[in-house]
Every structure is written in structure tokens, then in C-alpha cells.
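*Asks:* this is a predicted model, with the sequence first.
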Amino acid sequence: MTSLATAGTALDVARIRADFPILSRQVRGKPLVYLDNAATTQKPQVVLDALQHYYTDINANVHRGVHELSGLATDAYEGAREKIRGFFNAASVQEVVFTRNATESINLVAFAFVRPILAPGDEVLISAMEHHSNIVPWQIVCEERGARLRVAPIDDHGALILDELERLITPRTRIVSIAHMSNALGTVNPVEQIVAMAQARGVPVMIDGSQAAYHLPVDVQAIGCDFYAATGHKLYGPTGIGLLIGKTVRLEAMPPFMGGGDMIRSVTFERSTWNDLPYKFEAGTPNIAGAVGLGAAIDYIQQVGRTAIAAHEHELLEYGTGLLEAIPGVRLIGTAPGKSSILSFVMDGIHPHDIGTIVDREGVAVRTGHHCAQPVMDRFCIPATARASLAMYNTREDLDALGRALVKVREVFS
């Protein structure tokens, strides 16, 4: 693939769009305008080709096989792990655990790392902007162990109130688990500062990077967190593949999350011993094709350039913010400084589900609802929002189409 950036950091968006087959289709007789990237991104042809190549040419189970296909499959699977290591700057491939998604990654940490050390009266600290996947697992382990879930508040712009978060870190805090970027608001949290704040008090930190990983350069060693979770389907990769990056010292101290094949070193009826990292946490046949597809997606992102992607999306965010603010009755939800790539909004007197239904008739795909972040909706005293979320292949014309569709929404309800 040749470069997909023009002079400086500008993207050649027309060429990028040509790499995503689904963007050429129509919806309800209109060209597709896809603005639901926070839910899942579309897949470039190279990812689709990687999936087909795996199943067509090298389909076999990984590890321990001595035949050629098994060796090729293992090389492809472990090659994807190395690509992820480099993409996030993990210290070692031993620190990269394949999971089904970020939700499983967070659950792995909750049940294998935190649950064994929780005692009655202990605390887990999260924020008021978290996705349900970074709330519910902690509720379960806290309830089971008699611990307390504490929540750092956000302000009226959707920004984390850092002084309050720092105040809530106490000698009873066993982990801080925070979103790198809010899926409902677009807020980007200062994770390096949060990690330093917590670790100065001896408290480990988990970062949910589901949204940030496909918008922003992420260096887990620079951040310094103990755990970082991300999901493949938001990184332009397949569904059903995710990752957990954990510091070696943490992962080695954790018991297995699931038992079965490949996570063992030896098994007798009396006892079993566990495999080395990261395989101790990868029980059973993994999503080999998903890992290979994610590796191809990472190659594609690297080829486009993460700095160029971030600059392009920032320009679109500013353009879209101005466009929406100019429409009578539209109010943005989530206006924190330094936010990224998400435009959540409400319209006076119109339910977000009605907004989504009408703009869909114009070929525009947005997400409506609580976005698996019901406490965020409660914080802003609203039932739901409409959410337009951006990716590298979006354009000003996409946002203009959204604006025209919202004018139609207003006309229908006027």
C-alpha cells in the first residue's frame, strides 16, 4: 500500500474511502453516511482479505501442531500479537493477552486481579463517565466481597473533576479504573496524570482504551498504567477480538481467569500447572482469524499515520461542532476541552430515537440511546442522546448531510 497521506499531515480521504467497500453502498436509496464509529468502525479491504486468506489458505489451530498449516497459523497469530505490542508500545509480547473484547479484558482484571485482594470495606474507584463495561464488573466483585464502589464526579462540560478523584483515592482503594476517552461525551482524560496520582499512593490503574485507541496515539509505557484494554472492532478490525495489556509483574501474580486447553503446562487429576504468559489467560482455541484481521487493521492504521488521523478527526470535530451549534434547538452534550471525535446532542422537544429514525431515511447512520452509559445520561438529566462519531474516512460532506437531515427532523416536528 502506498501512503494515504498528502503533504504534511493531511489525509487523502478519497483514497482511504475507496479502501472501505461498505462506504460505496446506498441506504434507503441514498449514499451511506456512516457516523456510528464509536459503536464499531468499518473494515478496509486489507482486513477482509486477511480474514479470507486465513480461512482459505492457512486455516489450522495454533501452538503445538507440527504440520505446516499449524506453523503458518501460529506465525500469523503470534505475528499479530507483536504488531499489537508495537502499536501500544507494550514492554513485551508476554504482556499482550488476546480476549474477545475490551469487556472481557476488564472482567479479567476484575475477577483475576482485584477480586482475590478485595476485603470488606475496601474500595474500587471509577468515574461518572464510564461505559457499563467499566461499571458492572466492579459492582459484581464489590458486592461479592463487601467492598465499596466509589465514583469520581464530572462537571457540566463532561470533564473529570481531578481534585475529587484524587480525594477519593484512599488507603482502602484497591484499583482505579478509568476510561481513556468517554464513548458518550468524547472527553479525553489525562490518564498519565491520573496514573501518577494513583501510583504515588500505591494504587494500580486500569485504563479502558476502547474509544481512545483508534483516535489517539497510545503508549502504555509512557502512560504507566498497570492494565490497558482495547477492542478490535473499533480499531477497524474484526468483531470478537480484543486485548489486555498488563504489566508482567501484575499478570504473573494473577490466577487464571478460565481453565482449559493451552493455558496449562501440565494436567493430572490431582493438580494442574499453568502456562507462561500470556497463554495462562488464553484458554481454548482463540479467535485466530480475528487476531490476524486485527493485525492487518493495525498495519493499515500505521500506514495511514496516527498523527494524520488524529489531525483529520480534530478538524472534522471542530467543523461538526460549529455546524450543530448553528442549528436551532440543538444542544451538545459533552463539551470538555480537548475532547475527541464524538458529537453527542439533543434537540429541543424531540426524542433522540425519533432523530435517529428520520436521519436514517436520509442515509445517515448515527447512534441514539444511552450508549451503555446510563449514569452519564442521569448526570445531564436526559434519557438519551443522538451521537455522531467520527473516523478517518469521514468528511465535511458527511457532516453536511447530517446537518441537512437534522433540518428535516426539525421540519417534521415543527
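*Replies:* Thanks, I have it. Just so we're clear, the structure is a prediction, and the values are computed from it rather than from any experiment.
*Asks:* C-alpha coordinates for stretch 388-398, CSV please?
*Replies:* Coordinates of each C-alpha in stretch 388-398 appear next as CSV, following Å, rounded to 0.1, in the frame of the first residue of the first chain:
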residue,chain,number,x,y,z
ALA,A,388,-22.4,11.2,15.6
SER,A,389,-19.0,9.7,15.9
LEU,A,390,-16.1,10.2,13.5
ALA,A,391,-13.4,8.1,11.9
MET,A,392,-10.6,8.5,9.4
TYR,A,393,-12.8,8.1,6.4
ASN,A,394,-15.4,10.7,7.3
THR,A,395,-15.6,14.1,5.5
ARG,A,396,-17.1,17.5,5.9
GLU,A,397,-19.7,16.4,3.3
ASP,A,398,-20.8,13.6,5.8
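*Asks:* buried sites along it?
*Replies:* 388, 389, 390, 391, 392, 393, 394, 395, 398 (16 or more other C-beta atoms under 10 Å). Every C-beta, even on glycine, is put in place using the N, C-alpha and C of the backbone.
*Asks:* again, but for stretch 63-76
*Replies:* Neighbour-count burial for stretch 63-76 [16+ other C-beta under 10 Å]: 63, 70, 72, 73, 74, 76.
*Asks:* tabulate these (JSON lines), appending secondary structure.
*Replies:* Shown next, in JSON lines, are the buried residues of stretch 63-76 (DSSP: H, G, I helix; E, B strand; the rest coil):
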{"residue": "63", "secondary structure": "coil"}
{"residue": "70", "secondary structure": "helix"}
{"residue": "72", "secondary structure": "helix"}
{"residue": "73", "secondary structure": "helix"}
{"residue": "74", "secondary structure": "helix"}
{"residue": "76", "secondary structure": "helix"}
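*Asks:* so which two of the buried residues of stretch 388-398 are the farthest from each other?
*Replies:* 388 and 392 (15.1 Å; C-beta to C-beta).
*Asks:* picking that back up, pLDDT check: weakest of the buried residues of stretch 63-76?
*Replies:* Lowest pLDDT among the buried residues of stretch 63-76: residue 63, with 92.
*Asks:* residues contacting that residue?
*Replies:* 70, 74, 262, 279 (C-beta atoms under 8 Å, 6 or more residues apart in numbering).
*Asks:* just the endpoints, please. Distance across stretch 196-214?
*Replies:* Stretch 196-214 has an end-to-end distance of 24 Å (C-alpha to C-alpha, to the nearest Å).
*Asks:* same question for stretch 117-126.
*Replies:* Termini of stretch 117-126 sit 17 Å apart (C-alpha to C-alpha).
*Asks:* does the closest residue to residue 41 other than its chain neighbours belong to a helix, a strand or coil?
*Replies:* Once flanking residues are discounted, residue 41 sits nearest to residue 236: 4.9 Å by C-beta to C-beta, 6 or more residues apart in numbering. Secondary structure for residue 236, judged by three-state DSSP, is coil.
*Asks:* among the buried residues of stretch 388-398, which lie within helices?
*Replies:* residue 398 (DSSP state H).
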